[in-house]
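1. Need coordinates for the following:
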Amino acid sequence: MYLSTNVFNMERARSSIINVTSNAGCDTIGLRIKTKASLYDKNRESRMPKQKGMCIAVFAKHGASPKQAIWRSVVDLLAANAFHVLVCDSMLNSGSSRKSKPECDEANFEFANLALIKKKAKIAVIIGGDGTFLGTARELADCNIPLIGINQGRLGFLTDIRLDDINPTLIDTINGQSVSENRAYLEGQILRQGKVVENHIALNDIVISRGIVGGMVELRVEVDGTFMYDLRADGLIISTPTGSTAYALSADGPILHPSLAGLLIVPVAPHALTNRPITLPQHSTIDIHVTGGKQTGVHFDMQFNGRAKVGDQIRIKVSPHPIQLLHPARYDYFAMLRQKLHWSASPTEAPHKTRGLRDSGHAK
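-> Below you'll find the model as predicted:
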């Protein structure tokens, strides 16, 4: 084997090409070796993200000010790391939208509607509490964009990154130092005389509840076409594992680990004390027939509210399209439960541990 080396002038190029030719065959292999550039260029390369120019969408709570320090600092950090940033214009109300967009013409981001974000964005960063995260997740359910949450709310079961830990955790998470996790959506339909009158999705839960006026709701529950039970109660919760730490938990439901493929049915204040929560396989189809009650409500993540009449049927199943969450590399589900729910804390310790809970993260 012999080597033939062509070295280009360093003034014209920063790399050398060495052609290695083997006598045993006719294959020629080209190897490109980077030469040492200036210290500035070397440091700049080390700061560059793995996917230079990748489009990142930023969502903030509806009505947030265009000059709000938190989301602008997130945008500045992403832009400084060479990401193309789109800020969803749904955060702006009609008045502020008209006033703020001209002021941001020379900014390091651009406002974009949801359709453009679905087309271009590779990752979505959501700034807010769990409510903001749930609403955004439903809006992006059909486009398979991974979601990262920054906690600007209270507990933050879904928003992992603390406000005081955005830099460098956010950039590290985007660049691959992360834990990817799929979570299931629920699809819910309200059928009236066999026709679908409402069709929505939920990440946490779908709740059938009594109306403002009247007594308990009366329901007949079937699973995969098989009768399960009749129920008289204030309501019924159909929850994903993600939602098992939400309303279902306050109604004495169990906590399901997010990796479990299951559904949770939890009665709310049932008339019969023998009606207890039950966990079903994820592939189950749940049909709930409204047999009594007035102004029965059907709530999707407690953010969209529908109405069901006596004789209506509510059909619930898991969506075939899961949501993808990106957690920081140090994410620990059980540490999150300890911090948010005060696991392993005695009653005398719990009040002290609530200090700073607003910005608490999920790391140990």
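2. and residue 336, how many neighbours?
-> 23 (other C-beta atoms under 10 Å). Just so you know, the C-beta spots here come from the backbone N, C-alpha and C atoms, and that holds for glycine as well.
3. give me the element it is part of.
-> Using DSSP states H and E, the secondary-structure element containing residue 336 is helix 333-341.
4. Sort out which residues of that helix are buried, please.
-> Residues of helix 333-341 classed as buried: 336-340 (neighbour count, 16 or more other C-beta atoms under 10 Å).
5. Could you do stretch 257-266 as well?
-> Of the residues in stretch 257-266, 258, 262-266 count as buried by neighbour count, 16+ other C-beta under 10 Å.
6. Tell me where the stretch 51-200 of the chain has strands.
-> Secondary structure of the stretch 51-200 of the chain by DSSP state E, counting those that start in this stretch: the strands cover 55-59, 84-88, 110-112, 123-128, 147-151, 178-183, 186-192, 195-202.
7. now those strands as TSV including mean neighbour count and distance to residue 292?
-> Below are the strands of the stretch 51-200 of the chain laid out as TSV (neighbours: other C-beta atoms under 10 Å; distance: least, C-beta to C-beta, whole Å):
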stretch	mean neighbour count	distance to residue 292
strand 55-59	25	41
strand 84-88	22	42
strand 110-112	18	47
strand 123-128	26	38
strand 147-151	25	40
strand 178-183	16	34
strand 186-192	20	16
strand 195-202	16	19
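8. Can you verify my assumption that residue 296 contacts residue 213?
-> No. Contact between residue 296 and residue 213 fails when scored by C-beta atoms under 8 Å: they sit 11.2 Å apart.
9. mind checking how far stretch 115-128 is from the chain centre?
-> How far stretch 115-128 lies from its chain's middle: 11 Å, per C-alpha atoms, centre = their mean, to the nearest Å.
10. Show me what that stretch is in contact with.
-> By C-beta atoms under 8 Å, 6 or more residues apart in numbering, the residues outside stretch 115-128 that reach it are 51, 54-61, 70-71, 74, 78, 84, 86, 88, 112, 132-133, 136-137, 140, 142-143, 145-150, 152-153, 159, 170, 174, 326.
11. Please save the CA atoms from stretch 127-146 in PDB.
-> Extracted in PDB, the C-alpha atoms of stretch 127-146 (Å, rounded to 0.1, in the frame of the first residue of the first chain):
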ATOM      1  CA  ILE A 127     -43.600  28.100  28.400                       C
ATOM      2  CA  GLY A 128     -46.200  28.000  31.100                       C
ATOM      3  CA  GLY A 129     -48.000  25.700  33.400                       C
ATOM      4  CA  ASP A 130     -49.600  22.300  32.800                       C
ATOM      5  CA  GLY A 131     -52.800  24.000  31.400                       C
ATOM      6  CA  THR A 132     -50.800  25.800  28.700                       C
ATOM      7  CA  PHE A 133     -48.900  22.600  27.900                       C
ATOM      8  CA  LEU A 134     -52.100  20.600  27.600                       C
ATOM      9  CA  GLY A 135     -53.800  23.100  25.300                       C
ATOM     10  CA  THR A 136     -50.700  23.300  23.000                       C
ATOM     11  CA  ALA A 137     -50.300  19.500  23.000                       C
ATOM     12  CA  ARG A 138     -53.800  19.100  21.700                       C
ATOM     13  CA  GLU A 139     -53.200  21.700  19.000                       C
ATOM     14  CA  LEU A 140     -50.100  19.800  17.800                       C
ATOM     15  CA  ALA A 141     -51.500  16.300  18.200                       C
ATOM     16  CA  ASP A 142     -51.700  15.600  14.400                       C
ATOM     17  CA  CYS A 143     -48.100  16.700  13.400                       C
ATOM     18  CA  ASN A 144     -45.800  14.500  15.600                       C
ATOM     19  CA  ILE A 145     -43.700  17.400  16.900                       C
ATOM     20  CA  PRO A 146     -41.700  16.600  20.100                       C
END
